[in-house]
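*Asks:* Requesting a structural model of the entry that follows:
(one chain, ligands or ions: 1)
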Amino acid sequence: MIEIIKADITTLAVDAIVNAANRSLLGGGGVDGAIHRAAGPLLLQFCKTLDGCRTGEAKISPGFKLPARRVIHTVGPVWRGGDHYEAKLLRASYINSFELALENGVRSIAFPSISAGVYGYPKQAAARIALSVMRDYEDRFERIIACCFSAEAADLYRQLLDAGR
Ligand code: AR6
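*Replies:* Residues are numbered from 1 along each chain as shown. Now for the predicted structure:
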């Protein structure tokens, strides 16, 4: 089932939360900064061993002090106008996160809106891609949560989800 909620993703007690990271995997601002702050310094220590992550790919770590058991770190594309494979790469971020989740026995997973913050991906287009991949994986998970940080984002996701059903 796909659930749309407005929440801080660091508070969710799920099998895995997804981090919208950068290629270094060594922390940053936005949701990445929030996840590292809430997980504690052992997360950074662990991420140093992961050797970074290419755009569109995903890596996994424990959740350390987070209520979530794992963190799946993925790197979405930086929006550069739309002609630089951004849609394909954003789709790949969701697909590779889901595949890594399945390999690790994850049954409940929460996503922020990857690339829709600092990386500048247009919010509606980003949400459409998120929901389209979520629908493809819906049957393989108990819970798929689209975790929105604002009421506006949650409304946008709800409208798109309803329109697509
Ligand atoms: N819980 C849920 N969603 C959040 C939270 C939170 N605690 N904080 C922010 N968001 P962004 P990106 C939303 O910028 O665009 C970092 O510096 C936010 O409102 O975090 O993929 C990384 O290190 C937005 O909708 O990620 C990279 O350098 C969404 O999460 C870069 O930013 C994603 O915004 C990645 O940029």
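*Asks:* Run through who's touching stretch 61-69.
*Replies:* 10-17, 35, 38-40, 42-43, 46-47, 50, 70-71, 73, 110 (CB atoms under 8 Å, 6 or more residues apart in numbering). (C-beta placed from N, C-alpha, C; glycine too.)
*Asks:* First-to-last residue distance for that stretch?
*Replies:* 9 Å (CA to CA, to the nearest Å).
*Asks:* how about that stretch: buried residues?
*Replies:* 61, 63-64, 66, 68-69 (16 or more other CB atoms under 10 Å).
*Asks:* One more: stretch 14-24?
*Replies:* In stretch 14-24, counting by 16+ other CB under 10 Å, buried: 14-22.
*Asks:* could I get these as CSV with secondary structure and distance to residue 89?
*Replies:* Below are the buried residues of stretch 14-24 laid out as CSV (DSSP: H, G, I helix; E, B strand; the rest coil; distance: CB to CB, whole Å):
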residue, secondary structure, distance to residue 89
14, coil, 25
15, coil, 25
16, strand, 21
17, strand, 21
18, strand, 15
19, strand, 16
20, strand, 13
21, coil, 14
22, coil, 13
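*Asks:* Quick check: which of those are also close to the ligand?
*Replies:* Contacts with the ligand within the buried residues of stretch 14-24, as defined by CB under 6 Å from any ligand atom: 20-22.
*Asks:* one step back: tell me which entries of the buried residues of stretch 61-69 lie within helices.
*Replies:* If you go by DSSP state H, the buried residues of stretch 61-69 have nothing in helices.
*Asks:* would you turn these into TSV with distance to residue 128 and pLDDT?
*Replies:* Converted to TSV, those look like this (distance: CB to CB, whole Å; pLDDT from 0 to 100):
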residue	distance to residue 128	pLDDT
61	29	98
63	29	98
64	33	98
66	28	99
68	25	99
69	29	98
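*Asks:* Enumerate the residues of the protein near the ligand.
*Replies:* 8-10, 20-22, 28-32, 34, 76, 112-119, 147, 149, 153.
*Asks:* Drop anything exposed from those.
*Replies:* In the residues of the chain next to the ligand, the ones that pass as buried (16+ other CB under 10 Å) are 9-10, 20-22, 28, 30-32, 34, 76, 112-117, 119, 147, 149, 153.
*Asks:* Take these and keep only those in strands.
*Replies:* 20, 147 (DSSP state E).
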